[in-house]
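Colleague: Here is a sequence with its predicted model. Questions after.
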Amino acid sequence: MAVTKKDVKYIAELARLKFNEEEIESFTKDLNEILTYMEKLNELDTENVEPLSHPVEGYNAFREDAVKPSVSTEEALKNAPAKDESFFKVPKVIGGE
C-alpha cells in the first residue's frame with residue numbers, strides 16, 4: 001500500500017499541521033520508504049511464534065504487601081517543632097491572610 005500526497009495532507013490535517021508542497025513531497029517519499037522497509041517483516045516465518053501482549057517481558061519488582069509495625073504517633077511527633085494533639089502543625093500555605 002503506497003502513501004499518496006492526499007494521504008499525507010489528510011494526516012497533516014488530523015494532526016493540525018500545515019506543510020508546503022515541498023514538505024508534503026518529502027513526507028510522502030519518507031512514509032513510502034518506511035512502509036517498504038516494514039514490508040520486509042512479511043518475509044519472516046511467524047508460524048510458530050506466539051503473539052505478545054507487550055514487546056518487553058515484565059515482572060513485578062515490588063514486594064508483597066505485608067502489615068508490619070510502624071512508628072507510633074508519639075514517636076513520630078517527638079521531635080516536631082509544632083504539634084497539635086496527634087498532628088504536625090505547619091504554617092498555612094493556602095488562602096490569604
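Modeller: The structure has been received and is ready for your questions. The structure displayed is predicted, hence computed values, not measured ones. Numbers count the residues shown, from 1 in each chain.
Colleague: V56: which element?
Modeller: Under the criterion DSSP states H and E, no helix or strand holds V56.
Colleague: Can you give me the neighbour number for it?
Modeller: If you count neighbours by other Cβ atoms under 10 Å, V56 ends up with 5. For every residue, glycine as well, the C-beta is placed using N, CA and C.
Colleague: okay, which residue is most central for the protein?
Modeller: H54 (13.8 Å; Cα atoms, centre = their mean).
Colleague: Which of the three states applies to that one?
Modeller: When classified by DSSP: H, G, I helix; E, B strand; the rest coil, H54 comes out as coil.
Colleague: N32 and N48: what is the separation?
Modeller: 32 Å (Cβ to Cβ, to the nearest Å).
Colleague: Can you show me the helices along the chain?
Modeller: 5-14, 21-39, 73-77 (DSSP state H).
Colleague: Turn those into TSV, columns for distance to V90, mean pLDDT and mean neighbour count.
Modeller: Putting the helices of the chain into TSV (distance: least, Cβ to Cβ, whole Å; pLDDT from 0 to 100; neighbours: other Cβ atoms under 10 Å) gives the following:
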stretch	distance to V90	mean pLDDT	mean neighbour count
helix 5-14	49	96	13
helix 21-39	55	95	12
helix 73-77	13	91	12
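Colleague: of all the ones you listed, which lies closest to R63?
Modeller: Ranking the helices of the chain by proximity to R63 (Cβ to Cβ) places helix 73-77 first, at 22.7 Å.
Colleague: Dump the helices of the chain into TSV; add distance to F87 as well.
Modeller: Shown next, in TSV, are the helices of the chain (distance: least, Cβ to Cβ, whole Å):
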stretch	distance to F87
helix 5-14	52
helix 21-39	59
helix 73-77	8
